[in-house]
Every structure is written in structure tokens, then in C-alpha cells.
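Novice: Next input, structure requested:
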Amino acid sequence: MSRQLLAMALAPLLGLFILGIGNGFLATLITLRLDAAGESATLIGVVSSAYFIGLALGAMVNDRLLLRIGHIRAYGSFASLVAVTVLLQGLFFDPWAWFALRLIGGWATVGVYLVIESWLLTAGDQKVRGRLLALYMIALYAAGVLGQLLLGAVDAMGATAPFMVVGLLASLSVLPMAMIPRVSPLLEHAEPLPPHRLITMTPTGVIGSLGSGMVVAAAYSLLPLYLQRIGMSVNQVGQMMAVVILGAMLLQYP
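Specialist: Numbering: from 1, shown residues only. The predicted model follows:
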């Protein structure tokens, strides 16, 4: 992989890493806060599912905005919306309001992912795209590990401090995309791919993604609940979640 290609990938990967640190502990934080407030496991699961519903919806529609305004402006829009939804969660506690905010946050987060993934895939040819996506996943999971390890310290800063930290990181993640003097890749032609066509092209890929996504969603949302209810502290929960994410990260590049 050439230095020029790595330099072009630096800005989106750095932005992803900064945003991913906050996103890394946000799902765990929300689960723990809802449980500490006495909410049922069912309601916690419902609120947590909103984020993943938003991811699915955004994956189907966010490409239109990217094509209309370009990578950098789309990234700034989505990252700003992530910051707003998280900061609003810190202002007040209401499970159903959090459901709506997590839904919008998921929609915005997958927009960030879409910008970075399309940037990397467009920047490289077919020979290096697998390596670029591996670096993308390593950056995402490494940020998640760091975020989980910071969970205990950030949570101890106060009730609203963790949400402020996530909002600050989401805002700061825009800087690499906006300031590093690299030209973003051009999308000269984009062909929409309807879900039914994708299923026809790669049924095993779709089914595998659906199954693994359900497992990952359950692990991120409900594993912290289980760990807290067996007596672990917030810091210990973060450490255990970091180990889980680290295991996923180690197998990315091969």
C-alpha cells in the first residue's frame, strides 16, 4: 500500500477514531444509566434497539445526501447531528425521548460510516480495498476499546459529563476531515442497489450480516446490563466490554 494512499486515508480514519472513542462507551453508558434508574430489561432493550434501527434506516437513504453535497460536508453534517443528539440526552432523562434521540443518532452515525467507507473504497483500487477496510475496522474497534476503558473515569465526573465528552469528541472528529489538505475522492457515478437486488447477488452475505448484527447488537446493549446486575462496577463493566471489542479487533487485518 503506497504512502500516498495511506495519506489520503489518514483524515477519515483519524476522524473515525476520534468519534469512535465516544461512541465506544455510549451504548454501555445508556444501558447502565437506564438500569440504575430502575427501568426494566425489556425497556432497556427497546431503547437500545433504536440506535440499530437508525443504523438500518440510514444505510438505505444517507447515500443520497452524500452524493448531493460531497464527503466532507456530509461528514460534518452527520457528526454534528451525532453531537446534538448526545448532548440532548445529557440535558434530561426520559426513556422514550432517549429512544427518539438514539434513533436519530443511529441514522447520523451510519452516515459517518458511509462517508468514510465510500471515501476509502473510492480512494483505492480492487487490490487494496480489503486492506483499507481492515484498517477502517481496526480504527473503529480500537476507538471502542479505548472508549470502554475510559468509561469508569468519565462516568465518575458527573451525571452529564459523559454525554458532554461524547458530544465534544463528535465535534472534534470533523477537524481532520476539514483541515487536512487532501482532496476527497470524487463519486463520478453511483448506481443505487435496492435491498432485493443485494439479496439476490449475495444471499449468504445478507444473511450473515443480519445474524452477526443481531448478535453484536445484543452484546453491546445487554451484556453491560448482565455485568452490572452480577455486581460489577462501572469501571469493571467497561474493562470487560473492552476485552470483547479487542477480540473483534485482533482478527480484522488478516
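Novice: So which residues make contact with stretch 155-172?
Specialist: 18-19, 21-23, 25-26, 29, 32, 79-80, 82-84, 86-87, 89-91, 151, 154, 234 (Cβ atoms under 8 Å, 6 or more residues apart in numbering). Glycine gets a C-beta too; all of them are placed from N, C-alpha and C.
Novice: Who are the packing partners of the strand or helix carrying Val243?
Specialist: In this assignment (DSSP states H and E), Val243 forms part of helix 234-250. If you count contacts as 3 or more Cβ pairs under 8 Å, 6 or more residues apart in numbering; DSSP states H and E, helix 234-250 packs onto helix 3-36, helix 129-155, helix 203-229.
Novice: mind putting the ones you listed in TSV, mean neighbour count included?
Specialist: Formatted as TSV, the helices and strands packed on helix 234-250 follow (neighbours: other Cβ atoms under 10 Å):
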stretch	mean neighbour count
helix 3-36	22
helix 129-155	19
helix 203-229	14
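Novice: For those, give me a markdown table that also has mean pLDDT and distance to Arg68.
Specialist: What follows is these, written out as a markdown table (pLDDT from 0 to 100; distance: least, Cβ to Cβ, whole Å):
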| stretch | mean pLDDT | distance to Arg68 |
| --- | --- | --- |
| helix 3-36 | 88 | 19 |
| helix 129-155 | 91 | 23 |
| helix 203-229 | 92 | 27 |
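Novice: so can I have a markdown table of these showing distance to Ala50?
Specialist: As requested, the helices and strands packed on helix 234-250 are arranged in a markdown table below (distance: least, Cβ to Cβ, whole Å):
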| stretch | distance to Ala50 |
| --- | --- |
| helix 3-36 | 10 |
| helix 129-155 | 19 |
| helix 203-229 | 10 |
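Novice: Looking at those helices, spot the one closest to Val115.
Specialist: Across the helices and strands packed on helix 234-250, Val115 has its closest neighbour in helix 3-36 (7.2 Å, Cβ to Cβ).
Novice: residue contacts, the closest residue to Leu65 other than its chain neighbours?
Specialist: Closest residue to Leu65 apart from its sequence neighbours, by Cβ to Cβ, 6 or more residues apart in numbering: Ala74 at 5.6 Å. Contacts for Ala74 were tallied using Cβ under 8 Å, 6+ apart; they are Asn62, Leu65, Leu66, Gly111, Val115.
Novice: from what I can see the first one touches Tyr113, true?
Specialist: No - using Cβ atoms under 8 Å, Asn62 and Tyr113 do not qualify as a contacting pair, with a distance of 9.0 Å.
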